[in-house]
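Undergrad: Pasting the sequence and the predicted coordinates here, then a few questions.
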Amino acid sequence: MRIEIWADVVCGWAYIGKRRVEKAVEGLDVEVVWRPFRIDPTAPAQAVPHEEAMADPMADAALRRCAPGLTPGENRVRMSLVAAEEGFGWTWGPAWRADSHDAHRLIALALEHGGPALQDAVAERVMKAHFLDRLDISDPATLHRLAAESGFAAAGALLDAGEGDELVRELLLKGKAMGVRTSPTVVAGADALAGAQPAEVIREFVLGARPARELPEEVERYRHAESLLDQRDPLGALVLLKPLLGEHGDDRNVLLLAGRAYYLSAQLGRARETLERLVAATPDDAYARHLLGRTLQRQGHAGEAAPHLRMAAAMAPEYA
């Protein structure tokens, strides 16, 4: 079984959770994979001292995504005590508020180029650097060095070339579509467990996890895009839909989802073009015709919109 840990490397509970997952799966036939999550997506590109950053209400509030049930102050105290219990010692604590995007790129690339064992080594080294060595893990030179120390010497050139950027952005959207809301979240099969739970709880969770239904990649991508649209993230949905529009651009469901996303993101020209194609191919699609009429209305073309809206209402009274 594959276990995914969706976590941010600047979340202390993620590092604590790593230790607990290691204990929980000891002796089990499992593969552990790390996936990205951001608790502090507004972190500045240039790291700032952590104590200074904690005076910023936005930075302090970001920590709630690392421990939703605690205030940021309570979280820091609780985390330090648990870290000591887990063997990290009393020197625990970051020195920097660092943007974790490039660290996530490094961890994702480690999986692609070396598999789960290399990825785990890189994730361990990055979190140790942040929480125990008090290094700036947003600094490219630091990441190059950490990668080399983990046995991933090729990473420096890959990071410098921008590799992994699109992959991490897509994975973040996938996590959002799946309902990942906190760091860490452990996913096993079809089930998810939020938070750095005790090892015995994680083990029981893994052993009792329901098998996930295997879906073709394009079906999974479509469903994730649909979930993002339901969460009012049309731009994220369009990111995930882009490959489907290239490969399945004539598929009615893909076109309709794209049309909705264009409409909700106020890309009305693209919405009109997409929905006109769809209505031409399926004239009896009441929803597509209704959405085309609404798009034309928003563009200021009331005369062109009216026939589509009348026809949609005649086909489906809920659109009247």
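TA: Sure thing, it's come through.
Undergrad: Quick one: residues contacting residue 272.
TA: Residues in contact with residue 272, defined by CB atoms under 8 Å, 6 or more residues apart in numbering, are 292, 295-296, 299. (C-beta placed from N, C-alpha, C; glycine too.)
Undergrad: Return the subset of those residues lying in helices.
TA: Of the positions in those, 292, 295-296 sit in helices, assigned by DSSP state H.
Undergrad: OK, contacts around the residue nearest to residue 281 when sequence neighbours are not counted?
TA: Take residue 281 and drop its neighbours on the chain: the residue closest to it by CB to CB, 6 or more residues apart in numbering is residue 252, 7.1 Å away. With CB under 8 Å, 6+ apart as the criterion, the residues that contact residue 252 are 278, 281-282, 285.
Undergrad: hang on, the earlier thing: and the contacts of residue 272, which are buried?
TA: For the contacts of residue 272, a burial check counting by 16 or more other CB atoms under 10 Å picks out 292, 295-296.
Undergrad: how about the ones in helices among the contacts of residue 272 in JSON lines, adding distance to residue 182 and pLDDT?
TA: Listed next are the ones in helices among the contacts of residue 272 as JSON lines, based on distance: CB to CB, whole Å; pLDDT from 0 to 100:
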{"residue": "292", "distance to residue 182": "40", "pLDDT": "97"}
{"residue": "295", "distance to residue 182": "37", "pLDDT": "98"}
{"residue": "296", "distance to residue 182": "42", "pLDDT": "97"}
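Undergrad: Just the contacts of residue 252: which are in helices?
TA: Counting by DSSP H, the contacts of residue 252 place 278, 281 in helices.
Undergrad: Name the member of the contacts of residue 252 with the most neighbours.
TA: Neighbour counts for these were taken using other CB atoms under 10 Å; the highest belongs to residue 278, which has 23 neighbours.
Undergrad: Could you double-check that it lies in contact with residue 259?
TA: Yes - counting by CB atoms under 8 Å, residue 278 sits close enough to residue 259 to count as a contact (6.3 Å).
Undergrad: Helix, strand, or coil at residue 187?
TA: strand (DSSP: H, G, I helix; E, B strand; the rest coil).
Undergrad: Skip the chain neighbours and tell me the closest residue to it.
TA: Here the nearest residue to residue 187 in space, its sequence neighbours aside, is residue 4; by CB to CB, 6+ apart that works out to 4.3 Å.
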